[in-house]
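K.L.:
the following comprises the amino acid sequence and a computationally predicted model.
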Amino acid sequence: MTIDTIFLIVVFAISMIGSPGPANMALMAVGARYGYMKSIPFLLGTASGFLLVGMGVAAGIGALFEIFPALRITFLILSATYLIYLAYKIAFQSVKNGAREVRSGYLSGLFIHPLNPKAWAMMITAYSQFSPESLSPLMTFLIIQSIFQVTGLTLNSVWCAGGEMLARLVESPEKLKRINQSMAMAMLIIVGLSVWQSGMFWTNPHGEAARPYSWGKQLYK
């Protein structure tokens with residue numbers, strides 16, 4: 001893999017991971033509620049979940065969404081259910097329950113990316129665009145996934161720390177609660193946009209399911 005290709009992967013990863021999404025909105029809200037240090041289990045959970053998505057895409061699981069429409073619909077239902085539940089917890093959970101929730105934060109973060117259409121579309125696009133034939137599948141996976149994991153941990157940390165900084169600037173608990181509710185609402189809007197952009201429920205003129213990464217190819221080809 002050439003340096004130019006690696007550079008393009010880094011740029012793509014930064015543009016996708018750094019933009020607002022369910023994981024970043026959740027990390028910002030968790031950082032605002034608990035602080036950055038206590039949010040590290042949640043942060044590591046999201047990183048682990050993203051690794052699972054990458055492993056799934058590299059193994060060809062993403063293609064199953066195209067082959068089996070019922071699987072695609074089931075995934076979207078599970079995704080919407082979990083992310084709505086997570087948005088509800090962000091918006092309405094009492095601060096008094098914070099310490100207990102942080103202990104299970106890793107598992108809460110673990111499921112965000114596997115149930116996030118944006119994460120699947122992102123990784124399918126990356127592997128379809130930046131996989132050179134000269135490299136073995138294993139080496140391609142190690143290079144692409146390493147770039148995304150490092151970029152993800154870095155930028156996700158920025159969002160989480162940004163939430164903590166925001167909480168410090170807002171002294172009123174009532175205002176902080178409204179901010180959390182606003183972030184939860186933004187998270188739901190972004191989830192809807194991610195599902196729409198992913199193309200996971202589109203059909204082409206022949207009545208077949210659209211490829212999940214078709215939108216990414218148009219943007220980055």
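P.N.:
Thanks, I have it. Numbers count the residues shown, from 1 in each chain.

K.L.:
run the chain-centre distance for the strand or helix carrying E66.
P.N.:
Using DSSP states H and E, E66 sits in helix 64-67. Relative to the centre of its chain, helix 64-67 is centred 20 Å away, using Cα atoms, centre = their mean, to the nearest Å.

K.L.:
any low-confidence regions in the chain?
P.N.:
The chain contains residues with pLDDT under 70 at 91-104, 171-173, 176, 180, 190-221.

K.L.:
what ranges do the helices span in it?
P.N.:
With helices called from DSSP state H, the chain shows them at 3-17, 22-34, 40-58, 64-67, 69-92, 98-103, 105-110, 117-129, 137-169, 173-198, 214-220.

K.L.:
who does the second one touch, helix- and strand-wise?
P.N.:
Right, helix 22-34. Counting contacts by 3 or more Cβ pairs under 8 Å, 6 or more residues apart in numbering; DSSP states H and E, helix 22-34 is packed against helix 40-58, helix 69-92, helix 98-103, helix 105-110, helix 137-169, helix 173-198. Where C-beta positions appear, they are placed from N, C-alpha and C, glycine not excepted.

K.L.:
contacts for the fourth one?
P.N.:
Counting contacts by Cβ atoms under 8 Å, 6 or more residues apart in numbering, the residues outside helix 105-110 that touch it are 23, 26, 30, 38-39, 41-46, 48-49, 86, 89, 101.

K.L.:
change it to 7 Å
P.N.:
Outside helix 105-110, the residues within contact range by Cβ atoms under 7 Å, 6 or more residues apart in numbering are 39, 41-46, 48-49.

K.L.:
now distance to A126 too, for the helices and strands packed on helix 22-34, in CSV please.
P.N.:
Converted to CSV, those look like this (distance: least, Cβ to Cβ, whole Å):
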stretch, distance to A126
helix 40-58, 8
helix 69-92, 19
helix 98-103, 32
helix 105-110, 21
helix 137-169, 6
helix 173-198, 14
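
K.L.:
I9 is nearest to which of these?
P.N.:
helix 137-169 (5.2 Å; Cβ to Cβ).

K.L.:
so what does the closest one touch, helix or strand wise?
P.N.:
For helix 137-169, the elements it packs on are helix 3-17, helix 22-34, helix 40-58, judged by 3 or more Cβ pairs under 7 Å, 6 or more residues apart in numbering; DSSP states H and E.
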